[in-house]
Each structure stands twice: as C-alpha cells, then as structure tokens.
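Student: This is a predicted model, with the sequence first.
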Number of protein chains: 2
Amino acid sequence: MTEITILTEAQLQQCIGLDVETMEAVEGAFTALAGGTVVMPPILRLDIEEHHGEIDVKTAYIPGLDSFAVKMSPGFFNNPKIGLPSTNGLMTLFSAHTGLVEAMLLDNGYLTDVRTAAAGAIASKYLANPHVDTVGIVGTGSQARYQVEALKLVRDFSTVLVWGRSHEKAEACARDIADKLGVAAEVRSGVAEVVAASQIVITSTPATEPLIEADWLHRGLHITAMGSDAEHKNELDPGIVAKCDVFVCDTRAQSAKLGELHHAISSGAVAADFGVDELGQVIAGHVPGRRSADDVTVCDLTGTGAQDTAIARLAFQTAQTAGLGTRFDT
Amino acid sequence: MTEITILTEAQLQQCIGLDVETMEAVEGAFTALAGGTVVMPPILRLDIEEHHGEIDVKTAYIPGLDSFAVKMSPGFFNNPKIGLPSTNGLMTLFSAHTGLVEAMLLDNGYLTDVRTAAAGAIASKYLANPHVDTVGIVGTGSQARYQVEALKLVRDFSTVLVWGRSHEKAEACARDIADKLGVAAEVRSGVAEVVAASQIVITSTPATEPLIEADWLHRGLHITAMGSDAEHKNELDPGIVAKCDVFVCDTRAQSAKLGELHHAISSGAVAADFGVDELGQVIAGHVPGRRSADDVTVCDLTGTGAQDTAIARLAFQTAQTAGLGTRFDT
C-alpha cells in the first residue's frame, strides 16, 4: 500500500510556467549532465506505423536528487483529423531511494513543452550575442510560441519574424506572439529572408529536409534547432554543422543518433568523431561557447530525460507547497 | 481533456488471477511474437547504483490490438531493510490509435508476477513431458510460489521439491505451496538432489552464478529458467545451453543480452549465432519443440513487453466489465 499524488494538466499549469524558477531547474539539469555522473539511458521508442504513431520514453537519474521521472510522450499524427492534439503524454515521478511512485503528472505534454522552451532559451542565453533586435522563428506550432516566450526571459528583442509552410498559420502565430509579448511580429515568405534579418533563429518544425542552408549564415548569428528528435528529422543543412564556429548539443549521443549531428555525420559533412560540446559544459564554463561577437553559434536540442526529471520534480514540489493534487492509495 | 481509469492493486487482484483466461492472453502474446510483426523495442533500463536500485521499462505493440502498455518495473534491493518490497511498479495503457492514456494500472508489480508465472506454465505446457510427478523449484520468493501455482494449470504433479539459500525460507515456501495446491512439498538441501528427482525444474532466483550444472541433466527433464533478466544474472551452467536437446527462449534478442543465452555465448559454450527457437514459434507449431520423451528441454524467460501489453489489456477489459476503477479527468 502506497500513497501517490495525481496532478492534472490544469493543476500543473498552475504550478509551472515559463519563469526564472523553471529556467533554473532546467539549467541545473544541463549542468548536472556536464558533470558526467547523470545516468541517462537511450530513449525507448515504439513506432506504430499503421496508425502514424510513436511513443518515446525518457528518463534520467541526477545523483543527489531524491526522485527521478519516467516520461512517456506519444505522438500520433492522424489525431488532428479527429480533433485531437498530435502530442500528449504523462510523467511518473519515482523515489530514487525506494522506487516507489511519488506522483503521476498527467500533463498531456505540457511539462515537455515548457522544459523544451526553457532549453531553447538557455541555449540562447549562453550562446547568442547579448544584444538582439530581431528573432526569427521557423515553424508555427505551439512550441514555436513557447520558444519565443522563453527567449524573452533572456534577450530583450523587439521584433519577431515568422515563417511557416502555411501562411495562415504563420499569421496566427505572429499575432499570438505580438499579443503575448508586446513585440512587433511579422510573417516572411521565405526562410532565407528570416535568417538574413535575425540575430537569433529558432527552428521548431517536424521537417525531414533542411530548411536553413549553410550559405545563409551571417556574422554573429545564433541558431537553436529543436525540431529534430528522430532519425528521419532534419532542419539544418549538414554543411552548417561543419561551417559554424561553435556547434553545441544537449547530448552528443542523442544528437548523433536523432538530431542534426546525425545528418551531418551521415552526409559526410563532418567525421563520425566530430568534436561537439554539450550545452551543460558551456553553462558550467568547461568550454567557452561563443568566443567573439562574429561567431556563428548553433545549438541542437533533442530533448533529454534530465530535463524531464528536473521539471517533474519542480512541478511536484510546487504542487505540494500549494496543496494541489489528489492523493490516491494504491 | 481526457478521461482515464485508475485501477489499484486490490482492484487488479479482483480482475486478474492465475487462470485459463490469463494463460490464453499471455499465450496469445507469444504467438503474436512468433508472427514477426510485433513491435517490441529493447528494454529501457536505468540503474541507480548508489541506492542499489534499477528501473526497467518495457513495451510492445501487437498489431491488430487497439491498445498497448508501457510498464515501469523498479527493483530497489535495500527496500526489505526498511520493510518495503524490493520490486514494485505500474503499467500505463495507451490507445494504439491516438496515444491517449486509457488506464493507469497501479499494480505494484502484481501483473508482472502473474504474467511471468503464466509464461513459465506455458513453457512447460509446450515443452515438458505430459506426465509429471515431481516438480523442483529453485528459489523461495513470491515468484517461486506463483510459478508452481501456474504450472498446476497445465501439469498434474503430486510432489514439489524446494531449494533455497535460506532453509527457513524454503520451509515457508514449501508450506505455502502444500497449503495452496494440496500437493506434497518438501525442502531439499541441494539443488542437485532437486534436479535428480524432478521432471520439471523451475529456477526463480536472482543468482549471478550458475545453480544447475550440465552434468545433472537427465532424460526427459524440462527446465524453465526465469530468474535472469539482467546482464549479470545467471542461473544455468552455460554448458546446459549447448548440451540440452531443445533450447527455447521468450525472445532471442533479450536472452542473448540479458538471459542464459548471454552467458552461454560469452563463455564460448555456444557460438554467437547459436540457433534458438522462440517460445511463440513452438506454440504456433512453426518449430517442433520436444521431439521425444527423452529430450532435455530448456526454456529461458527474460520477460517481454508483449506479455505486459497482453495482461494490461485483459486487466482493463475485465475491470471495465466489472465496473471497477476510478475515472479521472486530466
């Protein structure tokens, strides 16, 4: 007989937002990863091709923390046809001492959205130039909106340029960003235009062919590519990985398997043992990151179990303090 | 907003037992595995060495079924010192069409116990000789008891011989088996004695060194080894894999990585490409299994995500019919 706490998406939205506390928790996960003692097994991935679906399971144990999360993220891409969101999911928080379930976070993917956006902002915080006027966002989904919102916590930009395959969705995304953040937000009809005018570009798409060409890089640019989290996904021309001054990823193992590094290696743009720094190493000051205002920096984010453990713990702690959640005897 | 059903261990014990329905469901999982279309990724395993703990995550999609389970099994081996069971866990049942959570089965490992015992009985059903007087059980934990109980559904034995490292625990195990099944149950002080007198031997231990020697094999013997489910675990002398007439496993991939086949290959007792039949192939009649009453047959069970999907679906269906469970809006 154990007692667990069940938290719904609505309750988790009360507990967790894009704020300094979230940023600190996610930054802590990356710093821990840089320490080399985090236990983070490869992602478990189940594909259900006949229903155009998949589920990813991520986890990580961060030494010293008394709990860890197992996150289940389904993506079923026929769902919008029947009025359901494509992505979904939940997290389970376990005691790191006994393995007993402490909490079920029925977040429908909300905590993943937040920790992913926080990671994007952290990448820009440590890699982009301090002064940023214009931010380009490639992609028009909810994560595109979250990324720009999180970025506002670390850079004081005034203009956002949006590109999407659907002009209508790009207009809606730009409107939402302008309303939420009080910045100018405009749609551009080509990705090249967006890149040329921006100091930071974020790609947040399910693209399987590169959207940004190596020729488009310009001095001082920072790119965060967060769309590719599966073998077939690819947002950046492989030449960008070879050509940029600093290429950083959240975890080398995942980027080489699922992310932009994967395509850079398989296309021959870089060698299989291409040296890559991890975001946590940059945060911890183990490696320099950007060395001059002219450097072109690129960060590839595939999403880590360490971020999931960090956000799940923060959510549960906040919920406990606020007295939120339903207790359940099992 | 989705509605999920939460089922507690007590409710799941009402729904699922060691009976014909359970056996059919688990047998169906093995038959599906033999069909070659089941999607079953490698086990995700997280080790927390500083707390002598681990968590395994298993899953499988069986084509044609409208849901699939993700099972999380923690094992924390310091727990008994503080009065908690070592193993624990829960299953989440997802729609195979939308990825939405249908049910959370808070079983504390009960469904794993049942589906593991059912698999052992299925192995004996298809591989052991029809007439069995005496069953040997090596190991004295709850799974040892479940294995013998499940075996009674498929073989009409009259005597059980029990061996355990602790004589006291072996006595308790023998008493429980005698009380529950109405058979004679006696403790033996050596594994060799148990093997010599039995037609079926089941090993259900966390052993890391072989408990049964190849020299002890005798005509007509069937062994089910279900303890080894991790790289360092090993119950059978590697020579047994080479010497027996029929070596079968639940899944070759897992047995070669985590089970008895792993040690047989790494010790050089058999070649890395040693041909092994899977239990589902025997059930489906694709391969013969036992060919004569004198054959020595061995089945290595590592535990499959397909069994978890099968038992979770059966549990949820039964609970729905019985009106059990708590509905929860997320």
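Tutor: The structure has been received and is ready for your questions.
Student: what does the stretch 201-330 of chain A put close to chain B?
Tutor: A:326, A:328-330 (CB under 8 Å from any CB of the partner chain). Where C-beta positions appear, they are placed from N, C-alpha and C, glycine not excepted.
Student: Which residue ranges of the stretch 1-150 of chain A form helices?
Tutor: Secondary structure of the stretch 1-150 of chain A (DSSP state H, counting those that start in this stretch): helices located at A:9-15, A:20-35, A:110-127, A:142-151.
Student: Relative to residue B:239, which of the ones you listed is closest?
Tutor: Minimum separation from residue B:239 across the helices of the stretch 1-150 of chain A (CB to CB) falls at helix A:20-35, 43.8 Å.
Student: Please identify the buried residues of that closest one?
Tutor: A:22-23, A:25-34 (16 or more other CB atoms under 10 Å in any protein chain shown).
Student: quick one: that helix to helix A:142-151, angle?
Tutor: 100 degrees (axes from the mean of the first three to the mean of the last three CA atoms, to 10 degrees).
Student: who touches helix A:20-35?
Tutor: If you take CB atoms under 8 Å, 6 or more residues apart in numbering or on different chains as the criterion, helix A:20-35 is touched by A:16, A:38, A:40, A:60, A:62-63, A:114-115, A:118-119, A:121-122, A:150, A:153-154, A:250-251, A:278-281, A:283-284, A:286, A:304, A:306-307, A:309-311, A:313-314, A:318.
Student: Now list the buried members of the residues of the stretch 201-330 of chain A next to chain B.
Tutor: A:328, A:330.
Student: if we can go back for a sec, need the buried ones from the contacts of helix A:20-35 selected in ChimeraX.
Tutor: Here is the ChimeraX command that picks out the buried ones among the contacts of helix A:20-35, judged by 16+ other CB under 10 Å:
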select /A:16,38,40,60,62,114,115,118,119,121,122,150,153,154,250,251,278,279,280,281,283,284,304,306,307,309,310,311,313,314,318
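Student: Might you calculate how far the strand ranked longest in chain A sits from the centre of the chain?
Tutor: When chain A is parsed with DSSP state E, its longest strand is strand A:67-76. Its chain's C-alpha centre and that of strand A:67-76 lie 14 Å apart, by CA atoms, centre = their mean, to the nearest Å.
Student: Rounded mean pLDDT for that strand, please.
Tutor: Averaged over strand A:67-76, pLDDT sits at 97.
Student: Also stretch A:277-294?
Tutor: Stretch A:277-294 shows a mean pLDDT of 96.
Student: Could you dump the helices of the stretch 1-150 of chain A into JSON lines and include mean pLDDT?
Tutor: Output for these, formatted as JSON lines (pLDDT from 0 to 100):
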{"stretch": "helix A:9-15", "mean pLDDT": "97"}
{"stretch": "helix A:20-35", "mean pLDDT": "97"}
{"stretch": "helix A:110-127", "mean pLDDT": "98"}
{"stretch": "helix A:142-151", "mean pLDDT": "97"}
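Student: want to throw those into TSV with distance to residue A:55?
Tutor: Rendered in TSV, the data for those read as follows (distance: least, CB to CB, whole Å):
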stretch	distance to residue A:55
helix A:9-15	18
helix A:20-35	22
helix A:110-127	13
helix A:142-151	18
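Student: so which of those helices gets nearest residue B:163?
Tutor: Across those, residue B:163 has its closest neighbour in helix A:20-35 (45.1 Å, CB to CB).
Student: what's the offset of that closest one from the middle of its chain?
Tutor: Relative to its chain's centre, helix A:20-35 lies at 13 Å (CA atoms, centre = their mean).
Student: Equivalent analysis for stretch A:231-247, please.
Tutor: 17 Å.
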